[in-house]
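# one predicted model, sequence on top.
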Amino acid sequence: MKTIMKTLIGIIILFAVLSSCVFSDGTRKEEKPLNVVFFLVDDLGWRDVGCYGSSLYETPNVDKFAEQGVRFTSAYAASHVCSPTRASILTGMYPSSINLTDWLPGRLDYPFQKLKNVEINQHIPYDIRTLPQVFKENGYQTAIYGKWHLGEDSASAARQGFDVQIPTDWNKGWPNKGYHSPFGLGGIEDKDGTYLTDRLTDEALKYMDENKDRPFFLYLSHFAVHDPIEGRNDLVSKYREKLKEQQMPKKRPFILEGNPDGQNDKKSAEADETSKKNIHNGYRIFDDGTVKIKQYQDNPEFAAMVESMDESLGRVLEKLEELSIEDNTVVIFYSDNGGMSSANFYNPERRISKHKLDKAFATSNLPLRGAKGWLYEGGIRVPLIIKLPGKGLKGVVSDVPVTSPDFFPTILAMTELESNMSNKDGVSILPLVTGDGNIEREAIFWHFPHYSNHGMQSPGGAVRSGDYKLLEYYENNTVQLFNLKEDIGETNDLSAEYPEKVERLKRMLHDWRKRTGAKMMEPNPDYSKNATVHGSK
Ligand SMILES: [Ca+2]
């Protein structure tokens, strides 16, 4: 009896001590494990947000959020398409390290393609420890709401550490039946007149309500602003009106991009002239291997999608305040690749009618060159804002290059869950978030051993070191060298001028490929010299 009494008293004292240190000095929230909300937008371009320079899209919540954290202006995605970047976020590894270098399931081979697409893993290898698994091991609740796109294995999200997955029955890279109800997505009720981005947010807010008293990792992975390009009707009307009032320059609504590794690379000025020729009439892959790239942000449907996404972030932040957990929750705002300013030519025969351009071309990434699907900055440079309550800087802008494999070590450093991340490719960028110094890294790398849906460019890789970026293409080994500090639009190829720099960067890129076990492309056995995109010559 005495022992029981003693134990009881001990428990009461312990509780009292904990309570006092929790509540008396106001540090309660800091002593609880930090929640993490990873707010991932799909295909949101670097310039698709007000605080990143868009004058059309209204994103007051993102802009306000940037004042509460660190906004990165040289943040990259490890790939210019969805799945590889997503895998790198969850593993801290480059896509080449886990042989998941293309969107899933991947692109078919065609006879006009000289090289054969590398065969890739169809999910993150199950022996790789993922971010949600680490959270689970540390007592967190883990949930993904929205787009998975890391494999059709219906158990993959659960096997890779997520307690909850909504939708329950859809793993593809786009919303099943679009953004307007009925959605055809398990776990998201269909109701006439509702909009997917709003409904997914409703469900995520419910999850936060239910888990407010225990640590959680919420991966809110919106389908937006990936196509189909369908905005909520009230916002589409709003942007139609707004566009009427704006003076949009109609000169050069599109320019041409060719294959930098072939004979038809186009510079913007040339493209302006050539696009007037008959051969470039319409919107398709042209016979000379060029495609059109959108130059203006003037799509009301897409603008509406962006604003809905912004409303979603606003609601998430408001919910954190309502639950009094905003000072105890890390929030990360990010996109998985650049904006879709080039149409998707998964089917190389696709022709886009002039009346349906807003269904095919989402946005413009200017001043960045290229689009989703390209290794130019327009394909890989994306918005990133990190809010770390307590120690994190507020309203600060950082132009230090960072990339998606960095999230894994950074998040674990912020939450103090684990410090030994030596098996990962990324580096912790926590010092940039707290202002405690810089990060040490020689370079950031890309490897895309595949043909793209968004143009006729050769497969290739890239390295960014300091202000310089080298792109290398795999069909004919052509390289391009750009000084991004002076030439963010990648218009001035310096490779002929600086051969030593080219060699140094090439060596770095090749060494990195070896280090990560990157798979290289083999010749396409079905390649035919006479084959063109549109059949044989
Ligand atoms: Ca994407």
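Happy to help now that I have it. If you're wondering where the values come from, they're calculated on a predicted model, not measured in any experiment.
# now whatever residue of the stretch 151-300 of the chain ends up closest to the ion, nearest residue through space, not along the chain?
Here the stretch 151-300 of the chain gets closest to the ion at one residue, His226, 5.8 Å apart by CB to the ion. C-betas here are computed from N, CA, C, even on glycine. Leaving aside its sequence neighbours, His226 sits nearest to Asp42 (CB to CB, 6 or more residues apart in numbering; 4.1 Å).
# any idea how far the one you found is from the ion?
With distances taken as CB to the ion, to the nearest Å, Asp42 is found 4 Å from the ion.
# that residue against Ser221, yeah?
Yes: Asp42 lies in contact with Ser221 (CB atoms under 8 Å); the separation is 7.4 Å.
# what's the overlap in contacts for the two?
Common contacts of Asp42 and Ser221 (CB atoms under 8 Å, 6 or more residues apart in numbering): Lys147.
# who's more crowded, these two?
Asp42 (26 against 21; other CB atoms under 10 Å).
# who's in contact with the more buried one?
Cys82, Lys147, Gly173, Ser221, His222, Phe223, Ala224, Val225, His226, Ser335, Asp336.
# tell me the contacts of Ala462?
Leu375, Ile380, Phe445, Trp446, Lys469, Leu470, Leu471, Glu472, Leu509.
# what strand or helix carries it?
When elements are assigned from DSSP states H and E, Ala462 belongs to strand 460-465.
# pretty sure Tyr57 sits against Met309.
No: Tyr57 is beyond contact range of Met309, at 9.4 Å (criterion: CB under 8 Å).
# what's the span of stretch 286-296, first residue to last?
For stretch 286-296, the first-to-last residue distance is 21 Å (CA to CA, to the nearest Å).
# give me the distance between the residue of the stretch 51-200 of the chain found nearest the ion and Phe223.
Going by CB to the ion, the ion is nearest to Cys82 of the stretch 51-200 of the chain, at 3.5 Å. The spacing between Cys82 and Phe223, counted by CB to CB, to the nearest Å, is 11 Å.
# what residues are up against the nearest residue to Gln122 once chain neighbours are set aside?
The shortest distance from Gln122 to any non-neighbouring residue, by CB to CB, 6+ apart, is to Gly151 (5.3 Å). Gly151 sits next to Leu104, Gln122, His123, Ile124, Asn171 when contact means CB under 8 Å, 6+ apart.
# which parts of the stretch 301-450 of the chain sit against the ion?
Applying CB under 5 Å from the ion, we find that the stretch 301-450 of the chain lies next to the ion at Asp336, Asn337.
# how about the helices in the stretch 301-450 of the chain?
Listed in chain order, the helices of the stretch 301-450 of the chain (DSSP state H, counting those that start in this stretch) span 357-360, 377-380, 407-415, 430-434.
# out of these, flag the one nearest Tyr283.
helix 357-360 (6.7 Å; CB to CB).
# what does the closest one rub up against?
Under CB under 8 Å, 6+ apart, the answer for helix 357-360 is Asp227, Pro228, Ile229, Tyr283, Asn299, Pro300, Glu301, Phe302, Ala343, Asn344, Ile352.
# sec struct for the residue nearest to Gln122, please.
The assignment at Gly151 comes out as coil when based on DSSP: H, G, I helix; E, B strand; the rest coil.
# pLDDT at it, what is it?
Here the pLDDT value assigned to Gly151 is 93.
# returning to that earlier point: next, count neighbours for the residue of the stretch 51-200 of the chain closest to the ion.
Neighbours around Cys82, by other CB under 10 Å: 23.
# picking up where we left off before, could the contacts of Ala462 go into JSON lines alongside neighbour count?
Shown next, in JSON lines, are the contacts of Ala462 (neighbours: other CB atoms under 10 Å):
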{"residue": "Leu375", "neighbour count": "26"}
{"residue": "Ile380", "neighbour count": "29"}
{"residue": "Phe445", "neighbour count": "25"}
{"residue": "Trp446", "neighbour count": "28"}
{"residue": "Lys469", "neighbour count": "25"}
{"residue": "Leu470", "neighbour count": "25"}
{"residue": "Leu471", "neighbour count": "27"}
{"residue": "Glu472", "neighbour count": "25"}
{"residue": "Leu509", "neighbour count": "22"}
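# pick the one among the residues you listed closest to Asp190.
Within the contacts of Ala462, the smallest distance to Asp190 is 35.9 Å, found for Ile380 (CB to CB).
# burial check on the closest residue to Lys191 other than its chain neighbours, number of neighbours?
Spatial nearest neighbour of Lys191, chain neighbours left out: Ser181 (5.6 Å); criterion: CB to CB, 6+ apart. By the measure other CB under 10 Å, the count of residues near Ser181 is 19.
# wait, Ser181 sits on Leu200?
No: using CB under 8 Å, Ser181 makes no contact with Leu200, being 11.9 Å away.
# return the set of buried residues in stretch 453-467.
453-465 (16 or more other CB atoms under 10 Å).
# do that stretch and the ion come into contact?
No: judged by CB under 5 Å from the ion, stretch 453-467 makes no contact with the ion; its nearest approach is 11.3 Å.
# let me know the secondary structure of His454.
Applying three-state DSSP: His454 is coil.
# please apply the same query to Gln165.
Three-state call for Gln165 (three-state DSSP): strand.
# re the thing from before, of the contacts of Gly151, grab the buried ones for ChimeraX.
Applying 16+ other CB under 10 Å to the contacts of Gly151 leaves a buried subset, and the ChimeraX line that selects it is:
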select :104,123,124,171
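# need the max-distance pair from the contacts of Gly151.
Ile124 and Asn171 (12.6 Å).
# could you name every residue contacting both of the two?
Leu150, Gly151, Ser156.
# redo the residues you listed as JSON lines? Include distance to the ion.
Formatted as JSON lines, the shared contacts of Ile124 and Asn171 follow (distance: CB to the ion, whole Å):
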{"residue": "Leu150", "distance to the ion": "12"}
{"residue": "Gly151", "distance to the ion": "16"}
{"residue": "Ser156", "distance to the ion": "18"}
